[in-house]
Structures are given as structure tokens and as C-alpha cells.
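In: Mind looking at a prediction? Sequence and model below.
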Amino acid sequence: MNAFSVPPRGTKYIVSSTSRHAAQQMHKLVPFSPRDVVQPCRPGKPLIVTCQSAMQLTVPKTVTAPRQVPVKSIALEPVVVQEATTAYGKPLRGSPTPLGATYNKEMGAINFALQSSGAAAVKLVLFTEADLTDGKSTYEITLDPVYNKTGDVWHIALPGCDSVLLYGYRVSGPNQDQNKQPGTAGHKFDNTQVIIDPYAKAILSRRRYGELGPKHLDYTSSNVLGLAETWPQAGAFLPKPQDEEFDWEGDRPLELPMEDSVIYEMHVRGFTAHPSSGVQAPGTYLGLIEKLDYLKSLGVNAIELLPTFEFNELEYYTPIPGSPTGEHRFNFWGYSTVNFFCPMARYSYAIASGADGSALQQEFKLLVREAHKRGIEVILDVVFNHTAEGNEMGPTLSFRGLDNRVYYMLAPLGEYYNYSGCGNTMNCNHPTVRKFIVDCLRYWVTEYHVDGFRFDLASIMTRAHSAWHPTIPSAIPGSPPTALHSGGAIVDEAGIMTDGAGVPTGTPLSDPPLVAAISEDPVLRNVKLIAEAWDCDGLYQVGAFPHYGGRWSEWNGGFRDTVRQFLKGTEGPWAGNFASALCGSPNIYANTQPAETDWWANNAGHRWRGNRNPTASINFVSAHDGFTLADLVAYNDKHNEANGENNRDGESHNLSWNCGHEGQTDRIDVNR
């Protein structure tokens, strides 16, 4: 028997009681004043009783019998309206977590979970690769809005699902271009399109870089999936029940000190695509592995890969006017993301050879592992400021058709803000998008062991998001929505879009939630965070990007310009500026007093200005914007005539010197 002491006389107890009988039962255990027992007690009102004595009570030991029948998970409930096929068993209700497609051992099934705040209906679409190529679905499974939905998450599970299938979704809901009723502004649902799951882990559309989609399909037909030969239908690979574990061979993060980093920025395909690279798998992750020893011999200890998230190299596929060989323009650089969790499939030797998504993932992991073996870190150039869907004229691929109001920064009538210069702007500080971005970064660190990220146009991540009132459809078909404010935009008194808390959309925030979340995330604690601290609408935060105790470094464009001016002998204070730059640009990072022209650092960003050490500066002379290192000493002016755009594209501010001859030359007096 276990014993405990009753507290001293006078101690009061609160007895939740609805009757005198309950108080009398209490009296059998703990003596208390009779007058407290007989006081009337209203139902649900606590009764206060006072202890009259102290005594030892004994508590009998009890034995809890083990549960004989386990509680059945609600996710295992079958969906009544759906039947089994030869490719999967009878669908189950599924689970709302985790998002994406995952194999669930408890269910013996692949679980699908998709978040959308405004969707009215969702279908899970499955493809064989042959049907995907032919622009048609193989199976379409309707999700029940009662059984297959929890909050804003639609979910279903397929037991025994054939993992060679690919998947996507049809999502139905309001569309402001088709229906002008209240509450539709900002919505872009289109169930004629099969969209990509934002949490998909590997995607297939075409297997080889630069190849077009099927030419025999009529992409204007409602019976054909896909938008054009350059935008054929894409599908996401399914997880396998027994995915082969990648052998990391004990790989651990290198965590090299930032001050020791020698970073080589490179394009995965461009680095080895030319025959002169001498590799066996040109233009691929495997081809890059073949060049790692060469990079190590240069003293490089970090490679910064230009965008390797899934993008469409045929996005701008058009003939080059006047090309004698009939060449076409490509989206070579990749700053136009289609999916953020997927390695670019057409950089993969495995995908080109007919393998599946698991082989693609293993090829990228192999690159990281082999780089680490040579003491080389892998940093990814990531583009969370916009997507490939562009403005209102762009294609519906994923985010727009799933939750346009959530993923993009919009004005009250649904117009796209364009701080990126690429047609749309990711709504980075919206809670859903913020979680999505952090989930993505965590995935690349835990799944692929990458060592850091360089954030393209990172200043966009400091801007206030746009917010909308929720839309609740009316119970009467065809009637306007019934939610407060009819699901309209949340605006201030002047009619300007806000973040829901009164801050105008796009306002640079002193304490941006997304940047704070990345900075303080425990999984991301030791990875390198590098900001390109400006955007295309003039927000310039170099020297005062929100760094949260020095967690962030910044691309220092001032270092680049100073070194170029000094090396070519430009008149002015460049010798002194060059010395300062070599010391870590203390005038930018240590000095707490910004220049009068520095709007950000003189206002909301002042708290982030100064008192930083030299590792805040990423010092570079040449990068993907503008001239290469060789061009800097070979050209005074830009000559981008070959792509047929009349030299309009590319950076014109290069501060270069041709050393006496424009272009390449064999002259010794120029080349010495």
C-alpha cells in the first residue's frame, strides 16, 4: 500500500459536484465540516469544503490490464464511394500529415495529403508513364469533402499502390477570370489542369534536357493534358514501400568556418556539357562528380550550384533569328522554379537512362557525398522569390491552381505584385508559405546533406505578405459565399492590400517572420545562410539585412565593384577602398552609421546595421550576373548578339577593361 498525508486542518478543497451525494462520498475519504456538505450546490458549480483533521490515507495498488484490441486509426477507415483497381487496393481515408506523398507502414499504403484553403473539390490523378506521355490520365480518384478532408488538408491513402505510377491533382474552386462574384478575386482554380504537388520529391515530364514533348498531341484539346510541346504534362514519382537506403558511408556536415570558405559558383550542366570537359556523363550530376578532384586542386572548398530545383529549360524556347544552324533559346540559368523539393531531373544521368525518381535522388546524394569526401561543401542557390508560373498570362503548374491567394503576393483585385521582376512574387511571410519554405530547407539539409543556401533576391523575404478573408461557400448553389466580408481582400482605410494586421503588403519588415524562422530553426542551425540582399523593386539591404546575431552573410556587390575599379586603374579613391574591402568592408559591416542615401538602414533596418565581423561579407569579383573573369579583361562592352536579342539582355554594368583589344586575341602585348 502507498501512503500519503492529508494536508493540515483548515485546508480548503474544491469539489466539482452537482449533488449533496457527491460531497458525502468525499466525506468518507477526507473529513470536513458538515455545514459545508449541506450547503446547496447548483449544477456545475464547484463546492468548497474544509479539511477538519489530518490523517494517513492508503491507496490500494491497482493493476491495469493491457489493451487486448488496439485502437484502429481513423486514417485506416475505407472510403465508401471508392473501389479497388488492379493498381491499388480500396482507398482509405488517409492522414492529413505529413504533406505530400509518403509511404505509411501502419496503413501499408501511400498517403497523399494536399493543403488548399479555398479548394471546393480535389481529385487524385494517377498516370502510367505511357499515359503521361500521351497526355492522358490513367486513374482519377475523387476525394470526399467529408471523409477525405481535415481542416484545409485533403488526404487519401492507397494500399498496395503500384509505385511505378506518377501522380498529380485536379483542384476545383472559384476562378476570378471565370466568375466575378464576391469572394472570387485572387482565386485561380482550374480543374482542366493537372497540377504538381508542391511537396512532391521528384518529377518527370521529359527525360532528356532540351527534348520537346510529344508532337502528335493537340494541346488545344480539352482531352489532352499539358500546355504545349514545351510544357508537356508532368507527374510526380511515388515513394516506394522499400526504397533502397542510400549509403552515406558515415558522411557528416563539414561545417567549415565561413572565413575559410573558397566558393566556386557553377552551373551543373554548363560546367561539363562541352566535350572539352572530358567527362563520361556530360551535363549531369555524375559528370560534375568527375571534376571534383580538379576543383579541389584549385583550392576550392565549397561549390555553389546555380538553381538545381526542378525548372523548365524550354520555358523560353523560341528560334534565334538569323541563326545559321537553326538554334533555339533556352532557359539556361534555371531561376524559374517549378518545384522546390525536386532536384532538376534533366541534370540526371539516371533519369536520361530511364530510371525512376529514387535513382535521381541517389545521384544527387552521391554528388554531395563525394564532394564532402574531398572537403568540399555544397551550397545551393535557391529562388524563393518567385516561381515559373509568372503573371496572369503565365501557365498554371502548381501553386496558382492550388492556392493562388496564399502562395502569391496579390493586390485587392488579384493582380500580382512583381518585386522579383519575373511576373509574380512569392508571399513569403504568409504563415503557410513560411512553413513551406522552412520545410523545404530542412528537407535538403536532412535528406541531401547540403551545407548551405544562397538566397536569390533575399530582400523579398523581408516584405509583408498579402492576406484575404476566408471564403465559405453558400449552402445554396449559385449564391455568393457566406463568410465575413465574402472572402475579400484585407485592406486598410486607403484600400491598400495588407498582411491582415494593418501593414501594407510589400512593406519591408524590421523583423521578418520568415527570416527569423530560418535563422532560429534548430535543424538549420549550422548551415551557411547567404543573402543576395536586394530585389528588383529597389530595396537594397546590403550591410543591414536582418541577420539575427550574425547568422547571415551577404553578397557584397561593393567588393566586386571596388576590386574591378582598382585593378583597371580607375582614377579616384580606389586604392583606399580596395584596402578596406580586403579587410572585410568595415565601412559597410562594422560601421553603425549608414550613408544618408541608404533608406533601409536609416529606417526599419537600422537595428541590423553595424557591429558585424568580416564574415558578414561574401567577397566576389565575378558571378553569374554579367561578365565572367575572362571577359573582364577581354571586353570593354557587352556583346550578347548570339542569342538574337540585340544585346538587350545581361548585365551592362561590368567595369571591365579589354587591355587594348576588344575580344579574344593572340597579341602577346595584350595577353601578357
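Out: Received the coordinates, thanks. Residues are numbered from 1 along each chain as shown.
In: Helix or strand: which one has the residue sitting nearest the centre point of the chain?
Out: Geometric centre of the chain, nearest residue: Ile437, 3.5 Å, by C-alpha atoms, centre = their mean. Using DSSP states H and E, the element containing Ile437 is helix 431-448.
In: Wait, a strand at Thr615?
Out: No. Per DSSP: H, G, I helix; E, B strand; the rest coil, Thr615 lies outside any strand segment and is helix.
In: what about it, neighbour count?
Out: Neighbours of Thr615 under the rule other C-beta atoms under 10 Å: 16. From N, CA and C alone the C-beta is placed, and that goes for glycine too.
In: Ok, Ser348 next?
Out: 27.
In: With Met393 instead?
Out: For Met393, using other C-beta under 10 Å, the count is 6.
In: wait, what's in contact with it?
Out: Met393 sits next to Gly423 when contact means C-beta atoms under 8 Å, 6 or more residues apart in numbering.
In: which SSE is it in?
Out: In this structure, Met393 sits in neither a helix nor a strand according to DSSP H and E.
In: Next up, phi/psi of it, please.
Out: phi -90, psi -10 (degrees, to the nearest 10).
In: what about it, distance to Phe566?
Out: Counting by C-beta to C-beta, to the nearest Å, the gap from Met393 to Phe566 is 45 Å.
In: Equivalent analysis for Gln242, please.
Out: Gln242 is 59 Å from Phe566, by C-beta to C-beta.
In: Which one's more surrounded, these two?
Out: Remark: of Gln242 and Phe566, Phe566 carries more neighbours, 19 against 7, as counted by other C-beta under 10 Å.
In: Looks to me like that one is in a strand.
Out: No. The assignment for Phe566, made by three-state DSSP, is helix rather than a strand.
In: just checking, it touches Phe578?
Out: Yes. Using C-beta atoms under 8 Å, Phe566 is in contact with Phe578, at 4.0 Å.
In: Dihedrals phi and psi, Pro319?
Out: Residue torsions, per degrees, to the nearest 10, at Pro319 are phi -60, psi 140.
In: so what's the nearest residue to it once chain neighbours are set aside up against?
Out: Spatial nearest neighbour of Pro319, excluding adjacent residues (C-beta to C-beta, 6 or more residues apart in numbering): His328 at 5.6 Å. His328 makes contact with 317-320 under the criterion C-beta under 8 Å, 6+ apart.
In: let's see it at 10 Å
Out: Residues in contact with His328 (C-beta atoms under 10 Å, 6 or more residues apart in numbering) are 210, 212, 230, 314, 316-320, 643-644.
In: mean confidence for the host helix or strand of Gly168?
Out: Element membership for Gly168, per DSSP H and E: strand 166-172. Summarised as a single mean, pLDDT over strand 166-172 is 98.
In: do the same with stretch 506-523
Out: Mean pLDDT, stretch 506-523: 98.
In: Just the terminal-to-terminal distance for that stretch.
Out: Taking C-alpha to C-alpha, to the nearest Å, the first and last residues of stretch 506-523 lie 29 Å apart.
In: That stretch: how far from the chain's middle?
Out: Relative to the mean C-alpha coordinate of its chain, stretch 506-523 is positioned 14 Å out (C-alpha atoms, centre = their mean, to the nearest Å).
In: Stretch 147-162 too?
Out: With C-alpha atoms, centre = their mean, you get 22 Å for stretch 147-162.
In: For the residue lying closest to Ala489 once chain neighbours are set aside, give its distance to Pro546.
Out: Ranked by C-beta to C-beta, 6+ apart and with sequence neighbours excluded, the top spatial neighbour of Ala489 is Pro412, at 3.9 Å. Separation of Pro412 from Pro546 (C-beta to C-beta): 28 Å.
In: do the same with Pro232
Out: 41 Å.
In: between these two, who's got more neighbours?
Out: When neighbours are counted by other C-beta under 10 Å, Pro546 comes out ahead of the other of Pro232 and Pro546, with 26 against 23.
In: can you pull the contacts of that one?
Out: Contacts of Pro546 (C-beta under 10 Å, 6+ apart): 458-459, 461-462, 508-512, 514-516, 519, 531, 533, 552, 604-605, 607-608.
In: Now, these that are in strands?
Out: 531, 552 (DSSP state E).
In: Test my guess that the residue nearest to the centre of the chain contacts Phe384.
Out: Yes. Using C-beta atoms under 10 Å, Ile437 is in contact with Phe384, at 5.4 Å.
In: anything in contact with each of those two?
Out: Taking C-beta under 10 Å, 6+ apart as the criterion, Ile437 and Phe384 both touch 340, 426, 428, 455, 461, 514, 518.
In: Can I have the buried ones of those as a ChimeraX selection?
Out: In ChimeraX, a selection of the buried entries from the shared contacts of Ile437 and Phe384 looks like this (16 or more other C-beta atoms under 10 Å):
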select :340,426,428,455,461,514,518
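In: so how far is Ser617 from Phe627?
Out: 21 Å.
In: counting contacts, what elements does the following helix or strand past the helix holding Ile437 pack onto?
Out: Moving toward the C-terminus from helix 431-448, the next helix or strand (DSSP H and E) is strand 452-455. Contacts defined by 3 or more C-beta pairs under 10 Å, 6 or more residues apart in numbering; DSSP states H and E place strand 452-455 against strand 263-266, strand 302-305, strand 377-382, helix 431-448, helix 513-520, strand 528-531, strand 552-556.
In: What pairs with the second one, parallel or antiparallel?
Out: Right, the one you point to is strand 302-305. strand 263-266 (parallel), strand 377-382 (parallel) (DSSP bridges).
In: wait, which of those strands is closest to Ala119?
Out: Of all the strands paired with strand 302-305, it is strand 377-382 that lies closest to Ala119, at 27.3 Å by C-beta to C-beta.
In: Report the spatially closest residue to Ser137, excluding sequence-adjacent ones.
Out: Nearest non-adjacent residue to Ser137 (C-beta to C-beta, 6+ apart): Val125, at 4.8 Å.
In: Go ahead and confirm that neighbour touches Ile156.
Out: No. Counting by C-beta under 10 Å, Val125 sits too far from Ile156 to count as a contact (11.9 Å).
In: quick revisit: and the residue nearest to Ser137, helix, strand or coil?
Out: strand.
In: The residue nearest to the centre of the chain: what's it in contact with?
Out: Going by C-beta under 10 Å, 6+ apart, the list of residues near Ile437 reads 340, 382, 384, 426, 428-429, 455, 461, 514, 517-518.
In: what does Gln178 give?
Out: Listed by C-beta under 10 Å, 6+ apart, the contact partners of Gln178 are 184, 187-190.
In: Hmm, Ala533 and Asp598 touching each other?
Out: No. Assessed by C-beta under 10 Å, Asp598 is found out of contact with Ala533, at 11.9 Å.
In: Just the closest of the contacts of His328 to Leu539, please.
Out: The nearest one, if we look at those relative to Leu539 and count by C-beta to C-beta, is Tyr316, at 26.4 Å.
In: where in this structure is pLDDT low?
Out: Residues of the chain that meet the criterion pLDDT under 70 lie in 1-73, 79-81, 472-486.
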